[in-house]
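*Asks:* starting from these lines, generate the structure:
(one chain, ligands or ions: 2)
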Amino acid sequence: MDLKLINSLPIVSRPRKGLLEKIERSAPQLSEKEQELIKATFKTFDIDNAGSIQLDELKILLLNLNIKVDDEILEDYLTKFYEVQRSQVENIDLTQLFDFVLLILKNQSNLFRKLYNGEKNDQVKLAEIVENTHNDIKAIFNAYDLNQNGFIEYEELRELLIDLGHDTLYIDQANSEEAFEDHVQETWFEFDTNQDGYISFEEFIPIHTALIDI
Ligand SMILES: [Ca+2]
Ligand SMILES: [Ca+2]
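*Replies:* Ligands and ions are numbered 1, 2, ... in the order given. Now for the predicted structure:
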């Protein structure tokens, strides 16, 4: 693409921050499905029915929940957990385990949490995920790559923005149906940086920072 063409492209501002800030982060809580799963897994580890399991079993237990956490990251979570518990416990009961899993899940973006809870579709494989942010973004990317061609197209981006609640937000704010469509278009032009009609994974990463993980 030559410079002249680039200069003739519309200058698109970032989505207005003030509006985005109005999208409330829902208070993270474990869904019933998550609680049931954790409870069942906890029971299989609590062999003597003591109502608690040893912390050194935690990593394997988490793996059973399809939550893959690096040793180093697990240490960080444990440190945080001890701070909340105000002691360095050796055993963990079910309530504490709920808190611990929630602590991990809280570090995921809201959209990711929706996907995790199967609200969107089953394309997100839990095991791929909690490991790190990159996988988290990849999982969201894959979930919205509805036709699975390795790119996000216009309609797929629109779908993502709807799931983020931007349709209601923009329509209410401007009291016009078109406001949301304008927003989709602006977002599209801003993030399809090489203007090839597709948003690649590399182009998608800034979307995550700007829109999703807020
Ligand atoms: Ca696609
Ligand atoms: Ca592109």
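
*Asks:* so which bits of the chain are right by ligand 2?
*Replies:* Residues of the chain lying near ligand 2 by C-beta under 5 Å from the ion: 192, 194, 196, 198. Quick note: C-beta positions are derived from backbone N, CA and C, even for glycine.

*Asks:* let's see 6 Å
*Replies:* Residues of the chain that fall close to ligand 2, judged by C-beta under 6 Å from the ion: 192, 194, 196, 198, 199, 200, 203.

*Asks:* in helices only, show me the residues you listed.
*Replies:* If you go by DSSP state H, the residues of the chain next to ligand 2 have residue 203 in helices.

*Asks:* now, of the residues of the chain next to ligand 2, which are buried?
*Replies:* 192, 199, 200, 203 (16 or more other C-beta atoms under 10 Å).

*Asks:* in the residues you listed, find the pair that's most separated.
*Replies:* 192 and 200 (8.7 Å; C-beta to C-beta).

*Asks:* circling back to that earlier point, would you list the residues of the chain next to ligand 2 in CSV and tack on distance to ligand 1?
*Replies:* Listed next are the residues of the chain next to ligand 2 as CSV, based on distance: C-beta to the ion, whole Å:
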residue, distance to ligand 1
192, 12
194, 16
196, 13
198, 8
199, 9
200, 10
203, 13
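
*Asks:* okay, now the unreliable bits of the chain?
*Replies:* For the chain, the stretches with pLDDT under 70 are 1-28, 68, 106-135, 212-214.

*Asks:* quick one: the strands in it?
*Replies:* Secondary structure of the chain (DSSP state E): strands at 52-54, 91-93.

*Asks:* need the ones you listed in a markdown table (columns: mean neighbour count and distance to ligand 1).
*Replies:* Formatted as a markdown table, those follow (neighbours: other C-beta atoms under 10 Å; distance: least, C-beta to the ion, whole Å):
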| stretch | mean neighbour count | distance to ligand 1 |
| --- | --- | --- |
| strand 52-54 | 19 | 43 |
| strand 91-93 | 16 | 42 |
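
*Asks:* residues touching residue 39, list them.
*Replies:* residue 94 (C-beta atoms under 8 Å, 6 or more residues apart in numbering).
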